[in-house]
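J.: Need a 3D model of the sequence below.
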Amino acid sequence: MKPASTITLIVIICFALLGGAIWLNAKPGSTDLQVELANLRNDFEELENRTANLESVLANRSLPSFLQPPPKHRGKIDPNIPDKSWTAERLMTAYMQAETWPERLPLLRDPEAARPVMEAHYERYVRPASYKIHPIIGDLSKNGALLVQVTVENNIANYIVIQTSEGPRIDWLASKRKWAMDDEKIKAQKEQELIAKWNLEGATIVTKLLKKEQVGEYTYLHVQVKNSSQAYLSYLGISATLYDRDGGYVGKETSNESDISPGETVVIQVLCRNTSTYNVAKVDLKLDGVTVKDRADHTFQAEKWFQLIQE
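T.: Just a heads-up that it's a prediction; the model follows:
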């Protein structure tokens, strides 16, 4: 209803109520009643003329900005169920702008199948603080499916958008499988890069027993370890096998070190407990395992790639 029409309706209702009140409070057929009704008709005709003038003024003027109705989306795409008019970009924008993960379900192909997987995946869903939809290449109506890449806080995610009879949808389950496959490919590539670094220049770890220090019932072994590879070590385990003066085996002790940079030399202290019957006389050192990482903290076990040299 237009604003002016609303005003006219309100005026009519008010005068109807006022006329009814006059009728109830006046005696039928009296001169006073006739006079009041005549005055009421005159006032009503005058008000009708003013209302018509007001309608003419409002028709030629726009409302102030604070009275303007709000825009439908306020710059944000409303994530309703997409129809055939939606583009892949609009679909992805609605997906990324969803406040909660259930709001994303209507945008998916087979949402009921995706629901339990998505619920587990988004156990702690947080709406992305920033994202960028990469330029979409291809025609969805012709190709039937497109791969859309989105950068979410410096990480690239892949989504498969398909064309259905009801409009575009995100094949989230297929996207998730591809995402996992891409992650595996990236991990394998990183591991190959680390192995290459590890094998560079022989990739050796040099260990050296600096000294044995006996204090009471304990013997402290000071072992020097040099990382001569060009890989970062997040873990290095070392064991010391102990023998007495006659060459008999008396025990084994282990220790470890972490975060050893390429070319760095560290000293690991191995604590051995003596008994009343023997003291440590001979020590054999051995690496128990090595974990390698790169600057991005991708890690993998590298037991097969190290060489141990004792000095």
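J.: State the distance from the nearest residue to A113 once chain neighbours are set aside to M118.
T.: Nearest residue to A113, sequence neighbours excluded (Cβ to Cβ, 6 or more residues apart in numbering): L173, at 6.6 Å. Placement of C-beta: from N, CA and C, glycine included. Distance, L173 to M118, using Cβ to Cβ, to the nearest Å: 9 Å.
J.: who are the neighbours in contact with the closest residue to Y243 other than its chain neighbours?
T.: Leaving aside its sequence neighbours, Y243 sits nearest to K282 (Cβ to Cβ, 6+ apart; 4.0 Å). Contact analysis of K282 by Cβ atoms under 8 Å, 6 or more residues apart in numbering lists 242-244, 247.
J.: Taking these, please make a PyMOL selection of just the buried ones.
T.: Here is the PyMOL command that selects the buried residues among the contacts of K282 (16 or more other Cβ atoms under 10 Å):
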select buried, resi 242+243+244
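J.: Just put the contacts of K282 in a markdown table and tack on distance to E112, secondary structure and pLDDT.
T.: Converted to a markdown table, the contacts of K282 look like this (distance: Cβ to Cβ, whole Å; DSSP: H, G, I helix; E, B strand; the rest coil; pLDDT from 0 to 100):
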| residue | distance to E112 | secondary structure | pLDDT |
| --- | --- | --- | --- |
| L242 | 64 | strand | 80 |
| Y243 | 67 | strand | 81 |
| D244 | 71 | coil | 76 |
| G247 | 71 | coil | 75 |
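J.: Please, which helix or strand holds the nearest residue to A88 once chain neighbours are set aside?
T.: Spatially, and ignoring its direct neighbours in sequence, A88 is nearest to V161 (4.6 Å; Cβ to Cβ, 6+ apart). Element membership for V161 (DSSP states H and E) is strand 155-164.
J.: Name the surrounding residues that touch the next helix or strand along the chain from that strand.
T.: Next along the chain after strand 155-164, taking DSSP H and E as the criterion, comes strand 167-170. Contact with strand 167-170 is made by 82-88, 91-92, 95, 104, 107-109, 140, 159-162, as judged by Cβ under 8 Å, 6+ apart.
J.: residue ranges for the helices of this structure, please.
T.: Ranges of helices in the chain, per DSSP state H, are 3-25, 31-59, 88-97, 111-121, 140-143, 172-199.
J.: between the ones you listed, which gets the lowest average pLDDT?
T.: Among the helices of the chain, helix 3-25 carries the lowest mean pLDDT, a mean of 58.
J.: Need the distance between the two termini of stretch 147-158.
T.: 7 Å (Cα to Cα, to the nearest Å).
J.: What of stretch 158-173?
T.: End-to-end distance of stretch 158-173 (Cα to Cα): 11 Å.
J.: Now that stretch: buried residues?
T.: By 16+ other Cβ under 10 Å, the buried positions in stretch 158-173 come out as 158-163, 168-173.
J.: need the contact list for the residue nearest to S141 when sequence neighbours are not counted.
T.: The shortest distance from S141 to any non-neighbouring residue, by Cβ to Cβ, 6+ apart, is to Q163 (6.1 Å). Going by Cβ under 8 Å, 6+ apart, Q163 touches 140-141, 143-145.
J.: domains for this protein, by residue range?
T.: Here the domain parsing of the chain from automatic domain parsing is 3-67, 88-170, 200-310.
J.: Pretty sure D110 sits against L173.
T.: Yes. The pair D110 and L173 qualifies as a contact (Cβ atoms under 8 Å) at a distance of 7.3 Å.
J.: The nearest residue to A129 once chain neighbours are set aside: neighbour count?
T.: When the adjacent residues along the chain are set aside, A129 lies closest to E153, with 6.4 Å between them (Cβ to Cβ, 6+ apart). Look at E153: counted by other Cβ atoms under 10 Å, it has 9 neighbours.
J.: just to revisit the earlier point, how close does the residue nearest to A88 get to L91?
T.: Relative to L91, V161 is positioned 6 Å away (Cβ to Cβ).
J.: now do L105
T.: Per Cβ to Cβ, L105 is found 13 Å from L91.
J.: the more surrounded of those two?
T.: Between L105 and L91, counted using other Cβ under 10 Å, the more crowded position is L91 (23 against 19).
J.: ok, now which ones touch that one?
T.: By Cβ under 8 Å, 6+ apart, the contact set of L91 is 82, 107, 161, 168-170.
J.: one more time with 10 Å, if that's ok
T.: For L91, the contacting residues are 77, 79, 82, 107-108, 140, 148, 159, 161, 167-170, by Cβ atoms under 10 Å, 6 or more residues apart in numbering.
J.: now, among these, which is nearest to E193?
T.: Y159 (27.2 Å; Cβ to Cβ).
J.: Which residues are in contact with the closest one?
T.: Applying Cβ under 10 Å, 6+ apart, the residues near Y159 are 88, 91-92, 95-96, 133, 146-150, 170-172, 174-176, 178-179.
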